[in-house]
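Trainee: After the sequence you'll find the predicted model.
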Amino acid sequence: MSAPDLKRAAAERAIPLVEDGMRLGIGTGSTAAAFIALLGERVRAGLSVTGVPTSEATRLACEREGIPLATLEELPELDLTIDGADEVDGNLRLIKGGGAALLREKIVAVASRRMVVIADAGKRVETLGAFPLPVEVNLFGIGATLRAVEAAVAQSGCAGEIVRRHDASGATLLTDGGHAILDLRLGRIPDPEALSARLWAVPGVVEHGLFLGIADAAILAAADGEAAAVSVLGRL
Ligand SMILES: O=C[C@H](O)[C@H](O)[C@H](O)COP(=O)(O)O
């Protein structure tokens, strides 16, 4: 079973969680894209939802599917957010932001009564950190911010290389909010809460990709022969 099939299997399990009339946060990335395609089918079949997209890419994908949208300003409280993740640990702590959407994703998830992650089971880890941790930073003073982030990393018991993310043309990648991304290649993050607090204390850090105490459940799809075995971490 291919990775896209597993993403679709996780997305399929999330679809029944969407009830008529819901205000729905809609995530970003390839797994969220599988969910958006399925949600579009449901909407065309008569389901009534209003979505709040977590990125411009997701907004465009939802518009193509005919999913009604609103902004978080119009709908500041959401019922449910469905989103992907780059890593999930056993305590439903996440790394997100591989697609540079972490700031809007976190704002939307925190505005939701529930957040459910959809992912292939390869995202499940014992310790966060093999995936580089994205940190969104203001462009002003980015060199000084990088040094302060290095110090924050060291003070929280981590070590590793910090790399500014570039786009395909080699320019500094800019997020939907016009910020840059620093990717922290740490290998492992023994104390995510400590690192989170240290990063938030750095002026210039807009947000980081550690989602701690935000997700309520994770739907994980693993290959089981020709089929997908879907398991749930937490409570749906
Ligand atoms: O910024 C992007 C998001 O956090 C994505 O949800 C995350 O990178 C997972 O993406 P994918 O489903 O493509 O693995």
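Mentor: Received it, and whenever you're ready, just let me know what you need.

Trainee: C-terminal to the host helix or strand of Ala151, what's the next element?
Mentor: Using DSSP states H and E, Ala151 sits within helix 142-155. Note on helix 142-155: by DSSP H and E, the next helix or strand toward the C-terminus is strand 161-164.

Trainee: quick one: that following strand to chain centroid distance?
Mentor: Computed by C-alpha atoms, centre = their mean, to the nearest Å, the chain-centroid distance of strand 161-164 equals 20 Å.

Trainee: In CSV, list the C-alpha atoms belonging to it.
Mentor: C-alpha atoms of strand 161-164 as CSV (Å, rounded to 0.1, in the frame of the first residue of the first chain):
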residue,chain,number,x,y,z
GLU,A,161,22.3,22.4,13.2
ILE,A,162,20.0,25.3,12.4
VAL,A,163,19.2,25.9,8.8
ARG,A,164,17.2,28.7,7.1
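
Trainee: Adjacent strands (with direction) for that strand?
Mentor: Partner strands and pairing direction for strand 161-164 (DSSP bridges) are strand 180-185 (antiparallel).

Trainee: Show me which residues of this structure are close to the ligand?
Mentor: 27-32, 83-86, 96-102, 105 (C-beta under 6 Å from any ligand atom). C-beta: built from backbone N, CA, C; applies to glycine.

Trainee: May I see the PyMOL selection of the buried members of those residues?
Mentor: Applied in PyMOL, the following selects the buried portion of the residues of the chain next to the ligand according to 16 or more other C-beta atoms under 10 Å:
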select buried, resi 27+28+29+31+32+83+84+85+86+96+97+98+99+100+101+102+105
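
Trainee: Would you map the strands across the protein?
Mentor: Under the criterion DSSP state E, the chain contains strands at 23-26, 50-53, 78-83, 87-88, 94-95, 112-120, 133-137, 161-164, 180-185, 205-208, 210-211, 217-224, 227-234.

Trainee: Dump the ones you listed into a markdown table; add mean pLDDT as well.
Mentor: Putting the strands of the chain into a markdown table (pLDDT from 0 to 100) gives the following:
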| stretch | mean pLDDT |
| --- | --- |
| strand 23-26 | 98 |
| strand 50-53 | 98 |
| strand 78-83 | 98 |
| strand 87-88 | 98 |
| strand 94-95 | 98 |
| strand 112-120 | 98 |
| strand 133-137 | 98 |
| strand 161-164 | 97 |
| strand 180-185 | 98 |
| strand 205-208 | 98 |
| strand 210-211 | 98 |
| strand 217-224 | 97 |
| strand 227-234 | 96 |
